[in-house]
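Colleague: structure, please.
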Amino acid sequence: MVEGWPARITEAQSIRTYSSGGKLIARIPYGSERDDWGAMRSPATIASFKGELHVVGCDAEACPLCHTQLLSCDCAFDDRPSGTAA
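Modeller: The predicted model follows:
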């Protein structure tokens, strides 16, 4: 695992929501996605395990609005999660 990731994963667990239209939207923990993203077989690309929240900007995080890949969706967030598409 890359140095510093354990601390970033721990920090990510405290970021429980994103904001869209002034409303708080709960983040989707790894393994709770609508589609099978492989949580039963392996950790996410940055080592989040089933039930954990992804590090903000992880390419494996699902959007809590449209349920596609957060990194590339066009959903409007008040403060776009750092490291994701605009």
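Colleague: where exactly do the helices run in this structure?
Modeller: With helices called from DSSP state H, the chain shows them at 5-12.
Colleague: now stretch 28-38 - C-alpha only, CSV.
Modeller: Taking C-alpha atoms only, stretch 28-38 is exported to CSV below (Å, rounded to 0.1, in the frame of the first residue of the first chain):
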residue,chain,number,x,y,z
ILE,A,28,-22.1,5.0,-0.7
PRO,A,29,-19.8,2.7,1.2
TYR,A,30,-17.8,0.2,-0.9
GLY,A,31,-19.9,-2.9,-1.4
SER,A,32,-23.2,-1.1,-1.1
GLU,A,33,-23.3,0.0,-4.7
ARG,A,34,-26.4,-1.0,-6.8
ASP,A,35,-24.1,-3.0,-9.2
ASP,A,36,-21.4,-5.5,-8.2
TRP,A,37,-18.2,-3.5,-8.0
GLY,A,38,-16.3,-6.5,-6.7
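Colleague: okay, buried residues for that stretch please.
Modeller: Residues of stretch 28-38 classed as buried: 28-31, 33, 37 (neighbour count, 16 or more other C-beta atoms under 10 Å). Where you see a C-beta, it was placed from the backbone N, CA and C, and this is true even at glycine.
Colleague: now do it, average pLDDT.
Modeller: What stretch 28-38 shows for mean pLDDT is 79.
Colleague: again, but for stretch 70-80
Modeller: On average, stretch 70-80 scores 88.
Colleague: how about the residue nearest the centre of the chain: what's its closest non-neighbour residue?
Modeller: When C-alpha atoms, centre = their mean is applied to the chain, the residue found nearest the centroid is E61 (3.4 Å). Leaving aside its sequence neighbours, E61 sits nearest to H54 (C-beta to C-beta, 6 or more residues apart in numbering; 4.0 Å).
Colleague: isn't C66 up against A76?
Modeller: No: counting by C-beta atoms under 8 Å, C66 does not reach A76; the two are 10.6 Å apart.
Colleague: the nearest residue to D35 once chain neighbours are set aside: what's it in contact with?
Modeller: Sequence neighbours aside, H67 is the residue nearest to D35 in space, at 7.7 Å (criterion: C-beta to C-beta, 6+ apart). Residues near H67 by C-beta atoms under 8 Å, 6 or more residues apart in numbering: 28, 33-35.
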